[in-house]
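# mind folding the following:
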Amino acid sequence: LSNPIEAMFHVQPWMLLVIIPLACVREGPHLIYDIRLLTLHDFHHIGHYTIIVLSSALLAFALEFSEFLLVSNTSSLTLSISGIFKEVVMLYLAVEYNNNQLNRLNFIGLCICLSGIIVHCVSKIFSMENEKSPPSDHIASERLLRKSDSQHSDEWSAEHELQMPFIRRNSISD
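Residues are numbered from 1 along each chain as shown. Here you go, the predicted structure:
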């Protein structure tokens, strides 16, 4: 699958088959109660629930779209690392805004997660630099090129190319 929308088209029906039974078990009694409230002719909560469902659907779509792009452009390890980062942000928000307590064990786990993310990022940077670096022995490469030019005397050398560019271009186009 080459595009995230196509992937979602094929994956969403299978996800729906798993989620619908779980949602019925978990949300079923609450849903039945809310349907019973509809008979009371009080429809103000319908708009509220519609906004909640649509915003959740939009967030789920954006999450799956970004996960597909992340995995297709990087690796599944990067997806795992970004998931850990998301959990760290959620932990921070829970401590900051919900006044949850961060005990010693949670703090140690947080430090381990952050150090793992840092090690992964640093190793990824070093591996990318090693892949992009050109050969370090430029003199040896130049000698090999000159040797191959002298063996092929009937071909143009790089020096002739620089000295007579019009002759070379005109002879190719003829």
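
# now do the phi/psi pair for Asn3.
Main-chain dihedrals, Asn3, degrees, to the nearest 10: phi -140, psi 140.

# tally of neighbours for it?
For Asn3, the count of nearby residues is 11 (other C-beta atoms under 10 Å). (C-beta placed from N, C-alpha, C; glycine too.)

# what pLDDT does it get?
Per-residue pLDDT puts Asn3 at 79.

# can you give me the helices in the protein?
Assigned by DSSP state H, the helices in the chain fall at 4-38, 44-73, 76-97, 104-132, 138-151, 158-163, 165-173.

# tally of neighbours for Phe68?
As a burial measure, Phe68 scores 19 neighbours (other C-beta under 10 Å).

# residues contacting it?
Shown in contact with Phe68 (C-beta atoms under 8 Å, 6 or more residues apart in numbering): 4, 7-8.

# redo these as a markdown table? Include distance to Phe65 and neighbour count.
Shown next, in a markdown table, are the contacts of Phe68 (distance: C-beta to C-beta, whole Å; neighbours: other C-beta atoms under 10 Å):
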| residue | distance to Phe65 | neighbour count |
| --- | --- | --- |
| Pro4 | 5 | 18 |
| Ala7 | 9 | 17 |
| Met8 | 7 | 16 |
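
# which one among those gets closest to Thr78?
Using C-beta to C-beta, Pro4 is the member of the contacts of Phe68 that lies nearest Thr78, at 16.1 Å.

# residues in contact with that closest one?
Residues counted as contacts of Pro4 (C-beta under 8 Å, 6+ apart) are 64-65, 68-69.

# now that we have those residues, which of them are buried?
Buried subset of those (neighbour count, 16 or more other C-beta atoms under 10 Å): 64, 68.

# domain parsing for this structure?
Per automatic domain parsing, the structural domains of the chain span 1-73, 75-134.

# pLDDT on the shortest one, on average?
Within the predicted structure, the mean pLDDT of domain 75-134 is 82.

# thinking Phe61 is in contact with Ile5, fair?
No - in this structure, Phe61 is not within contact of Ile5 by C-beta atoms under 8 Å, at 9.6 Å.

# out of these two, which sits in the more crowded spot?
Per other C-beta under 10 Å, whichever of Phe61 and Ile5 has more neighbours is Phe61, with 14 against 10.

# I'm done for today, thanks for sticking with me.
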